[in-house]
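> Sharing a model prediction with you, sequence too.
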Amino acid sequence: MGIIPLFKSSDSDRTSSEAEKGGESIAVNKLRSNEKFLSSSPSEVSLYLLEESLILYRFAMDRGQSLNPELTEQLFTIAQDIDLDPNNVPAGVMSNLSTIHQTLCTTITPATPKSARYLFEQKCVHARFKTLGDIPLVRQFSALTIMLLSGLFIVGSQPEVNADSIELGILHSQGMGLLLNLTFILICAGLGSCFSTLFKVNGFIAKGSFDPSYSTTYWSRLVLGMMSGIIIVELLPATLFSDDSLGSFGKPTMAMLAGFSADLVYRILEKLVNAVKSVLQGDEQSRLDMLEAKKQAEISQYSQSSRMEAAEKMMQVSKHMSNGDLDAAENAIKDYVSRLRSVR
């Protein structure tokens, strides 16, 4: 395998032609590597553990984290032994490598092995605009931010875009003026979303916990941010923020805030939906309360009439018994019992 390539300068590891293939070739190689790993021999697993352990070791070393000298000596001894005969890994090496790998994973926390490997691979790539960042996502969002800033200056310099025209909105404007003003709002929302994305991604990279599998979610956040910018400044009523400090902000600022946090618009819409729902549920609850009150009144009235009827029957039975007419008393009781049984 060779341990020297892992400690070379990143300027000489890959050619620019390889970098032009971009993330697609890396993804394909990773997929093939995973498939190979699932059906690999103990020697191949040991080689994989050794390679990743060396990557984690360099990651920790570059960040100035303290490493056990005994672990360092053991790791490089194993690497030299495997270099001599990669197809004949000595017994017990896999167990030792697993222990070393686990120790290095604990050392680089909160960074993860997946992130460390990805960051190492990206540092070895010769790509265009590398000065914007080692990570493709950072370069892409940085380039997009530069484009949006340029668009902000170009569109904002147009005579149709001014403080009065931008406040007119969709329903009170038309033509090129409306198109330019909406474009200006979208640019502001996009800038807010790019700022949020770059800030979060740089934080993950600094911690070493950036996960490339979530790259698509950042583009989704960009789309959501631009949608939020249009919704909050053009579709929601302006009176919604008249009693709040947000009412003093202009539409471009509101669009930028919405792009920075799409959750803001989601919470506003959710609050409006809950308000409408509470009104509708309140009317429905009032109707149910009326039905319940009517039912309780009917039950109370029926109970009272039943008690009155029972009292009247008992008086009749008592009268028949005082007169010595037992048959009449018995018939009155049977008649009342049959009437009770017929009630459902």
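Okay, I see it. What you see is a predicted model, and the numbers here were worked out from it, not measured in a lab.

> where's the residue nearest to the spatial centre of the chain, which helix or strand?
The structure's the chain has its C-alpha centroid closest to Thr217; by C-alpha atoms, centre = their mean the separation is 8.2 Å. Using DSSP states H and E, Thr217 maps to helix 215-230.

> contacting residues for the residue nearest to the centre of the chain?
Going by C-beta atoms under 8 Å, 6 or more residues apart in numbering, Thr217 touches no other residue. Placement of C-beta: from N, CA and C, glycine included.

> what's the spacing between the helix holding Thr217 and its chain's center?
Remark: helix 215-230 is offset 12 Å from the chain centroid, using C-alpha atoms, centre = their mean, to the nearest Å.

> so what's Asn122 closest to, chain neighbours aside?
Heads up, residue 122 is Gln, not Asn. Asp134 (4.7 Å; C-beta to C-beta, 6 or more residues apart in numbering).

> One more: Leu149?
Closest residue to Leu149 apart from its sequence neighbours, by C-beta to C-beta, 6+ apart: Leu191 at 7.1 Å.

> pretty sure the one you found is touching Leu152, no?
Yes - counting by C-beta atoms under 8 Å, Leu191 does reach Leu152; the two are 6.9 Å apart.

> And those two? Which one has more around it.
Higher neighbour count among Leu191 and Leu152: Leu191, with 23 against 17, using other C-beta atoms under 10 Å.

> That one: helix or strand, and which one exactly?
helix 175-207.

> cool, and Leu171?
Using DSSP H and E, no helix or strand contains Leu171.

> Please state the backbone phi and psi of Gln174?
Note on Gln174: backbone dihedrals following degrees, to the nearest 10 are phi -160, psi 170.

> on that earlier part again, next, find the distance separating the residue nearest to Leu149 from Glu167.
Counting by C-beta to C-beta, to the nearest Å, the gap between Leu191 and Glu167 amounts to 20 Å.

> now swap in Asp62 and tell me
Going from Asp62 to Glu167 by C-beta to C-beta gives 52 Å.

> With Met290 instead?
Going from Met290 to Glu167 by C-beta to C-beta gives 47 Å.

> Between those two, tell me which one has more neighbours.
Comparing Met290 with Glu167 by other C-beta under 10 Å, the one with more neighbours is Glu167, at 14 against 10.

> Specify the local secondary structure of that one.
Assigned by DSSP: H, G, I helix; E, B strand; the rest coil, the conformation of Glu167 is helix.
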